[in-house]
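Asks: Here is a sequence with its predicted model. Questions after.
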Amino acid sequence: MTIKLTPDRRRRRRLALTPLIDVVFLLLVFFILGGRFEQHNHLTLASGAEDESAAASLRPQILRLFADGTVQLGREALTPAGVRERISAAGNAALILAPQQDVDIQTIVTWVDDLRVIGIDDVSFLAPAAR
């Protein structure tokens, strides 16, 4: 039996850089495509000292529907035809529809359709208070 005292001279492998470059490139592409591309928009705000009547006309009105068929626009009770006339004359683009809990769904859908015909596309719903 012989003992070998000299180290075995193996061929040393060179570090391959191609896979490393591939991984770095894929990470770069991932972070570029995964990032958000947003345009920063400017919003002009009016101060309270400016025209308050313009701000009041943009404020949405509240249309309350009751189970017995009565309708209130703001705090005023009107007929359905009167409400349609008042809304179309005011020219508001937004309206809050607040049906009472007992109002059936068909009445609500009919009102939403009528409001779209008048030109009110921005209709929000106010849920009735829980009893």
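Replies: Nice, thanks for sending it over.
Asks: switch to C-alpha atoms for all contacts and neighbour counts from now on
Replies: Will do.
Asks: Which parts of this structure are helices?
Replies: In the chain, helices defined by DSSP state H lie at 18-34, 52-58, 80-90, 105-118, listed in chain order.
Asks: Quick one: closest of those helices to Phe125.
Replies: Nearest to Phe125 among these is helix 105-118 (10.0 Å), distances taken as C-alpha to C-alpha.
Asks: Remind me what that closest one packs against, helices and strands.
Replies: Secondary structure elements in contact with helix 105-118, counted by 3 or more C-alpha pairs under 8 Å, 6 or more residues apart in numbering; DSSP states H and E, are helix 80-90.
Asks: tell me how far the helix it packs on is from the chain's mean position?
Replies: 28 Å (C-alpha atoms, centre = their mean, to the nearest Å).
Asks: average pLDDT for that helix?
Replies: Per-residue pLDDT values over helix 80-90 give a mean of 79.
Asks: and that helix, which residues are buried?
Replies: Residues of helix 80-90 classed as buried under the neighbour-count rule (16 or more other C-alpha atoms under 10 Å) are 80, 83-84, 87-88.
Asks: nearest to Gln61, of these?
Replies: Closest approach between the buried residues of helix 80-90 and Gln61, by C-alpha to C-alpha: Ile87, at 8.8 Å.
Asks: Check the burial of the nearest residue to the closest one once chain neighbours are set aside by counting its neighbours.
Replies: If the residues on either side of it in the chain are set aside, Ile87 comes closest to Ile118, at 8.0 Å by C-alpha to C-alpha, 6 or more residues apart in numbering. Neighbour count for Ile118, taken as other C-alpha atoms under 10 Å: 15.
Asks: give me the low-pLDDT residue ranges for the chain?
Replies: Low-confidence segments of the chain, defined by pLDDT under 70, span residues 1-2, 5-9, 36-58, 91-93, 129-131.
Asks: Please identify which pair of the buried residues of helix 80-90 lies farthest apart.
Replies: Based on C-alpha to C-alpha, the longest span within the buried residues of helix 80-90 runs between Pro80 and Ser88 and measures 12.4 Å.
Asks: one step back: tell me the contacts of the residue nearest to Ile87?
Replies: With contact taken as C-alpha atoms under 8 Å, 6 or more residues apart in numbering, Ile118 is in contact with 84, 87-88.
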